[in-house]
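**Q** missing the sequence, but the structure's below:
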């Protein structure tokens, strides 16, 4: 695995504390993502929804791309 460096000061940055759990071996994995800057927590019934959320949070708007 390659080493990842910490973002430079002033760089775009988003941080989330992600928690994963399930009730039993046959249930879906559930997740929450807590924004470390605001403390707001998002809840997801399926991992796919977490992945979509993270993708939306890291996709630049078309008019903001140089």
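**A** On my side now, so go ahead. Because the structure is a prediction, the values reported are computed rather than measured. Numbering: from 1, shown residues only.

**Q** please point out which parts of stretch 37-47 sit buried.
**A** For stretch 37-47, the buried set under the neighbour-count rule, 16 or more other C-beta atoms under 10 Å, comprises 42, 44. Bear in mind the C-beta positions are built from the backbone N, C-alpha and C, glycine included.

**Q** go on, stretch 16-28?
**A** Those would be residue 16, for stretch 16-28 by 16+ other C-beta under 10 Å.

**Q** now do that stretch: everything it contacts.
**A** The set of residues that contact stretch 16-28 without belonging to it, under C-beta atoms under 8 Å, 6 or more residues apart in numbering, is 29-36, 45-47, 50, 54.

**Q** what mean pLDDT does that stretch get?
**A** The predicted model assigns stretch 16-28 a mean pLDDT of 96.

**Q** and residue 50, how far from residue 16?
**A** According to C-beta to C-beta, to the nearest Å, residue 50 and residue 16 sit 9 Å apart.

**Q** try residue 41
**A** Going from residue 41 to residue 16 by C-beta to C-beta gives 9 Å.
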